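# below are the sequence and a predicted model; questions follow.
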Amino acid sequence: MKMKNRSTLTTEQRNPRSRNIDALSSLEIVDIINTEDSLVAGAVGKERKTISAAADLITGRFRRGGRLFYVGAGTSGRLGVLDASECPPTFGSSPSMVQGIIAGGRRALVRAAEGAEDHASDGRDAINAKKVTDRDAVVGIAACGLTPYVLGALKRAKRLGAATVMVTCNPQTASLVSVDVTINPVVGPEVVAGSTRMKAGTATKLVLNTLTTVAMIRLGKVYDNLMVDLVTTCDKLRDRSERIVMELTGLTRRQSAKLLADAGGGVKLAIVMHFCGVNRTGAKKILKESDNSLRKAIS
C-alpha cells in the first residue's frame, strides 16, 4: 500500500504548538514536550474497547497453545521486541510464547535499518520462517499504518488463519488494513514533525504493555496484583519472590526462603504447597487441575 502524498497523515503533519521550538530555552522545550506527552494516555484510553478485544483474541490463542508475534520496523519493531523480552522474567512465560520480529533482524535493534521496512515480501517471509499457524496471533505495529514489511506480514498471517491486530496512530490509514482488530490511538502531530519515536512510540508502548499484561492475568499468571509466576533469575527477583510468599502466607523471610527452595523457586508452587499441605509434586497436580490459577488452587 503506497500513498503519493504522505503529508496528509497525522503522524507527518507539523504541530502548531511546537512551532519555533528551536528558538526556545531548554526548559521551554521540556515543557512543550511534557504537555504533548500528557495527551498520550487519553488517546490510548479512547481505544480501551479495541485493546480489550485484541487482548481477548491473544488470550484465546494462548489457551490453544499458540504464540504471539509482534511485527514492526524501526521504533515500532524495537518496542515489540522489548515487550516480548520482558514477558519471561515477569510472567514466567516461555521465550517462544511472545516473540518480536523486527525488519532488518537483530542488527536493527541497535542501529537504524530504515530500508528494511520497504519490502512486503520480507514480512511475509518472516511469518513463514516462524511457522505461524491458526493457533497464533500476530500484532502488526506501524505508526503510519503503511509500512510494507508489517502489511506483508499481516496479510500472510491472516491467510494462515492467525488472529491479526494492527496498532497504528494514523486515523487516515486505520481502516485500510484487513485485520481482526485495529487499535488506533490518535496522539496528533509530533513535537518534531514525523518523529514517531515520541508520542506515537509512547502510545505504542502503553498498548503493548496492556495487551500482554491483560493476557497473562487472564491466564492466571497474576494473583491479586502480584506476579506469582515470575522467574527468580537475579537477586532482585529472588527478594521479590520471598516477599510475595511472606505476604500471602504470613511466614517469616527464612521460612519463605525455605519453602521456595522446596518448591524449586516457583512462587505459585510454594504458595500451593503451604496452603494445601502438599509437596511440590502435589502442588503441580493441584495447579494443573485448577487451570494454573492460584486463586482456584487455594480456594
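That came through fine.
# which ones are touching the residue nearest the centre of the chain?
Of all residues in the chain, the one closest to the mean position by Cα atoms, centre = their mean is residue 208, 3.2 Å from it. The neighbours of residue 208, taking Cβ atoms under 8 Å, 6 or more residues apart in numbering as the test, are 70, 79-80, 83, 139, 141, 167. C-beta coordinates here come from the backbone N, C-alpha and C atoms, glycine included.
# which one of these is nearest residue 248?
Sorting those by how near they are to residue 248, with Cβ to Cβ, puts residue 83 at the top with 27.3 Å.
# distance of the closest one relative to residue 211?
In this structure, residue 83 and residue 211 are separated by 8 Å, where distance is defined by Cβ to Cβ, to the nearest Å.
# mind checking how far the nearest residue to residue 259 once chain neighbours are set aside is from residue 283?
With Cβ to Cβ, 6 or more residues apart in numbering as the criterion, residue 259 has its nearest non-adjacent residue at 4.7 Å, and that residue is residue 270. Counting by Cβ to Cβ, the gap from residue 270 to residue 283 is 8 Å.
# now list whatever residues contact both of these two.
In terms of Cβ under 8 Å, 6+ apart, residue 270 and residue 283 are both contacted by the residues residue 263.
# these two: which has the busier surroundings?
Higher neighbour count among residue 270 and residue 283: residue 270, with 29 against 24, using other Cβ atoms under 10 Å.
# about what we covered before: let's see which of the contacts of residue 208 end up in helices.
Residues of the contacts of residue 208 located in helices (DSSP state H): 79-80, 83.
# could you confirm residue 59 falls within a helix?
Yes - secondary structure of residue 59 (DSSP: H, G, I helix; E, B strand; the rest coil): part of a helix.
# show me the contacts for it.
For residue 59, the residues meeting the contact criterion (Cβ under 8 Å, 6+ apart) are 214-215, 218-219.
# hmm, which of the residues you listed are the buried ones?
When those are checked for burial by 16 or more other Cβ atoms under 10 Å, the buried set is 214-215, 218-219.
# report how many residues lie close to residue 29.
Residue 29, neighbours per other Cβ under 10 Å, totals 15.
# that one against residue 21, yeah?
Yes - using Cβ atoms under 8 Å, residue 29 is in contact with residue 21, at 5.9 Å.
# confidence score at residue 114?
Residue 114 carries a pLDDT score of 69 in this model.
# okay, now the domains of the chain?
Using automatic domain parsing, the domain ranges for the chain come out as 6-218, 235-297.
# pLDDT at the residue nearest to the centre of the chain, what is it?
Per the predicted model, pLDDT is 98 at residue 208.
# how about the one 3 residues further on?
In the prediction, the pLDDT value recorded for residue 211 is 98.
# quick one: which of the ones in helices among the contacts of residue 208 is most hemmed in?
Going by other Cβ under 10 Å, residue 80 tops those with 28 neighbours.
# now it: how far from residue 192?
Distance from residue 80 to residue 192, by Cβ to Cβ: 23 Å.
# what's the answer for residue 294, then?
In this structure, residue 294 and residue 192 are 46 Å apart, going by Cβ to Cβ.
# what about those two, which has more around it?
Neighbour totals were compared for residue 294 and residue 192, and residue 294 leads with 25 against 15 (other Cβ under 10 Å).
# residue 133 in helix, strand or coil?
Secondary structure for residue 133, judged by three-state DSSP, is coil.
# what's around it, how many residues?
Neighbouring residues of residue 133 were enumerated by other Cβ under 10 Å; the total is 15.
# what sits against residue 23?
Going by Cβ under 8 Å, 6+ apart, residue 23 touches no other residue.
# now the helix of greatest length in the chain, how far from the centre of its chain.
Longest helix in the chain by number of residues (criterion: DSSP H): helix 199-218. For helix 199-218, the distance from its own C-alpha centre to the chain's C-alpha centre is 5 Å (Cα atoms, centre = their mean, to the nearest Å).
# show me which positions of that helix end up buried.
Under the neighbour-count criterion of 16+ other Cβ under 10 Å, helix 199-218 has 199-208, 210-218 buried.
# so which residues of the chain form strands?
Assigned strands in the chain, in chain order: 68-72, 98-102, 137-141, 163-167, 181-183 (criterion: DSSP state E).
# would you mind getting the angle between the second one and strand 137-141?
Calculated by axes from the mean of the first three to the mean of the last three Cα atoms, to 10 degrees, strand 98-102 forms an angle of 40 degrees with strand 137-141.
# by contact count, what packs against strand 98-102?
Judged by 3 or more Cβ pairs under 8 Å, 6 or more residues apart in numbering; DSSP states H and E, strand 98-102 is in contact with strand 68-72, helix 74-91.
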